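S.K.: quick one, what's the 3D model for this:
(chains A and B)
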Amino acid sequence: MTQRHEARLALLKLVDKPGGKVGVEQLDTIDMPSTFRLSARRPRPSVAREWQQVFYNNTRSHSRPTHPAAPLTPKLIERRIKRMTNSAILTAGLRVRRGGREVVRDVGFEVPRGVITGLLGPSGCGKTTLMRAIVGVQIVEGGTVTVLGQDAGSPQLRRKIGYATQNPAIYADLTITEALRYFAAVLRAPMSDVDRVIAEVGLTDHAGKLVGSLSGGQHNRANLAVALLGKPELLVLDEPTVGLDPVLRDELWALFRRLADAGATLLVSSHVMDEAARCDRILLMREGVLLADETPGELRARTGATDLEQAFLRLVRAVL
Amino acid sequence: MNPTLTLATAQRILTQLRHDRRTVVMLILVPSLLMVLLRFVFNNELMFSRTAPALLGVFPFLIMFLITSITTLRERTTGTLERLMTMPIGRLDLLFGYALAFGSIAIVQVGLAAGISLAWLGLDIVGSVGMLLLIAVLDALLGMALGLFVSAFARTEFQAVQFMPLFVLPQILLCGLFMPRGQMGWLLNWLSNVMPLSYAVEGLTRVTTSSTIDATLLRNLLIVAVCALLALMLGAATLRRRTP
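M.R.: Predicted structure coming up:
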């Protein structure tokens, strides 16, 4: 397939930047002559178009640009590369120190979009800290965290991430509906979302109850409902199923699956190993170190164990 | 700054209070009850008229300091503040929401206490009642802003409550209520000069004794308002999006 291009080509160099970041340095730009003919075999049209957007400064190659192209700065290119990478979360060399102890040690992984990733490991292994770093409320010592193509904690991300903490963070002296209305207003989510999320977590019968009077499991689900407001692209859920009976747990996992099928990315932490089998991918942490980043099937195959609990044990013992 | 979010926050805080009827009743009635008590303690309208205006400023200052420091501390410890910090809401939206909610409670609180004092307890003021209310509400906002700021330094509700005697009582002792500020030694006088409550009480006393709105009164008002705003900004600085 041949196309006429009228564009500027940037010559780039990937460079290491301090803090484990990868930067892009622009060496030169070449103005393409209008007669330049480019042959390209396209594996996937969308990918080709995205690369084109990165390297050529006009988005539609077949049409003549109607205005002069904006200067192609290294920063712009870096941003475009970040945006087009297909991962929802990308961390590299992440280190977090809390209370004089390094609780996350040089963690790097990638979470693809539209799947459920389980973050597993024993209590106190750094799961919550890692999640806090992803939602951008944790002061980190080093490394990078890129979420949905932007640095973690960027203001633009605040409407795209739903975060549910392990301890319910929801006003105990409001009813479920009142509390959710407030959070919906803050997120500029439509008020119809309130009833939707209450139904999704199965609390419709309790919507008028004070949050403080709910049982532990209900309280937890009310907390989860806040994270679902506004249909976020990324859900970061810290132990959402803890303390729930098997039926409710099953219902919630079915909900997570529906959300992922609809295109959302979920990062769900748990210390219960049987939940790992419900995830598309697993991140296994122990004492701040990432031990595994693969699918449940790969993990079983690698360790030669039939069930995941055994696989984890083998992995942990192999490390020790 | 987003007025919708400020209003939503104020509404949320007032709804929280509405579910706690006992607190609402106490917030609104306690200053009035204290004024009645004071009137009978003095058993003399003249002496009551001399002290009451200052106390109309002091009571809301104290109560607002206390409830704001506890409410914001609760917001910090229960994690709702952290949750809000992951959402698209500005710190000032949140703080002005607090100011709006507690400010409106302060208006009711002070209005009732002043109304009862003027109608039945024999409080006699020369200046305008509106000015008296304005200064008293500013006082309440000052207390609120200080409470908000101070709550950042408390880890537990025990500590937050102890900040009341630490930050509020010295201001009450030195504001000229017990002893004219001019008669204090240089150190106490200096301390009294840097404490915002002194200017509020001075303003309140002036309203009672003179009907003219002069430069000193306006200056006092301005000082109180600026201090409240400053404390609110300091409070905003203590709300962090990222924490260790």
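S.K.: what residue in chain B comes nearest to chain A?
M.R.: At 3.2 Å from chain A, residue B:79 is the closest residue in chain B, using C-beta to the nearest C-beta. The way it works is simple: take the backbone N, C-alpha and C, and place the C-beta from them, glycine included.
S.K.: count the residues that sit near that residue.
M.R.: Residues near residue B:79, counting by other C-beta atoms under 10 Å in any protein chain shown, number 16.
S.K.: could you pull up the contacting residues of it?
M.R.: Contacts for residue B:79 (C-beta atoms under 8 Å, 6 or more residues apart in numbering or on different chains) come out as A:165, A:167, A:168, A:169.
S.K.: now, of those residues, which are buried?
M.R.: For the contacts of residue B:79, a burial check counting by 16 or more other C-beta atoms under 10 Å in any protein chain shown picks out A:165, A:168, A:169.
S.K.: what residues does chain B put near chain A?
M.R.: Within chain B, the positions adjacent to chain A are B:4-5, B:8-9, B:11-12, B:15-16, B:19-20, B:78-80, B:82-89, B:241-244 by C-beta under 8 Å from any C-beta of the partner chain.
S.K.: if we use 10 Å, what do you get?
M.R.: B:2, B:4-5, B:7-9, B:11-13, B:15-20, B:23, B:74-75, B:77-90, B:93-94, B:240-244 (C-beta under 10 Å from any C-beta of the partner chain).
S.K.: what subset of those residues is buried?
M.R.: B:5, B:7-9, B:11-13, B:15-17, B:19, B:74-75, B:77-89, B:93-94.
S.K.: restricted to helices, list the residues you listed.
M.R.: B:5, B:7-9, B:11-13, B:15-17, B:74-75, B:77, B:80-85, B:93-94 (DSSP state H).
S.K.: what segments of chain A are strands?
M.R.: Counting by DSSP state E, chain A has strands at residues A:2-4, A:8-17, A:21-31, A:37-39, A:87-98, A:101-112, A:116-120, A:142-147, A:150-151, A:161-164, A:234-237, A:265-270, A:281-286, A:289-294.
S.K.: if we can go back for a sec, ok, which of the buried ones among the contacts of residue B:79 also contact chain B?
M.R.: Among the buried ones among the contacts of residue B:79, proximity to chain B is found for A:165, A:168, A:169 (C-beta under 10 Å from any C-beta).
S.K.: export the residues you listed to JSON lines and append columns for distance to residue A:111 and pLDDT.
M.R.: What follows is these, written out as JSON lines (distance: C-beta to C-beta, whole Å; pLDDT from 0 to 100):
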{"residue": "A:165", "distance to residue A:111": "19", "pLDDT": "91"}
{"residue": "A:168", "distance to residue A:111": "25", "pLDDT": "91"}
{"residue": "A:169", "distance to residue A:111": "23", "pLDDT": "93"}
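S.K.: middle-most residue in chain B, spatially?
M.R.: residue B:140 (2.1 Å; C-alpha atoms, centre = their mean).
S.K.: now that residue. Nearest residue, chain neighbours left out?
M.R.: Nearest in space to residue B:140, with sequence neighbours left out and distances taken as C-beta to C-beta, 6 or more residues apart in numbering or on different chains, is residue B:106 at 3.2 Å.
S.K.: the one you found and residue B:62 touch, don't they?
M.R.: No. The pair residue B:106 and residue B:62 does not pass the contact test of C-beta atoms under 10 Å, sitting 11.6 Å apart.
S.K.: show me which of the two is the more surrounded one.
M.R.: residue B:106 (26 against 22).
S.K.: state the mean pLDDT of the helix or strand containing the more buried one.
M.R.: Assigned by DSSP states H and E, residue B:106 belongs to helix B:91-119. For helix B:91-119, mean pLDDT rounds to 90.
S.K.: please name every helix or strand in contact with it.
M.R.: helix B:3-18, helix B:21-42, helix B:45-77, helix B:80-85, helix B:129-150, helix B:215-238 (3 or more C-beta pairs under 10 Å, 6 or more residues apart in numbering or on different chains; DSSP states H and E).
S.K.: turn those into a markdown table, columns for mean pLDDT and distance to residue A:93.
M.R.: Formatted as a markdown table, these follow (pLDDT from 0 to 100; distance: least, C-beta to C-beta, whole Å):
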| stretch | mean pLDDT | distance to residue A:93 |
| --- | --- | --- |
| helix B:3-18 | 94 | 36 |
| helix B:21-42 | 91 | 49 |
| helix B:45-77 | 88 | 31 |
| helix B:80-85 | 92 | 25 |
| helix B:129-150 | 88 | 37 |
| helix B:215-238 | 89 | 31 |
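S.K.: tell me which of those sits most buried.
M.R.: Highest mean neighbour count of these: helix B:129-150, a mean of 25 (counted as mean count of other C-beta atoms under 10 Å in any protein chain shown).
S.K.: quick check: mean pLDDT of the next helix or strand after that one?
M.R.: Using DSSP H and E, the next helix or strand after helix B:129-150 towards the C-terminus is helix B:157-167. Throughout helix B:157-167, pLDDT has a mean value of 88.
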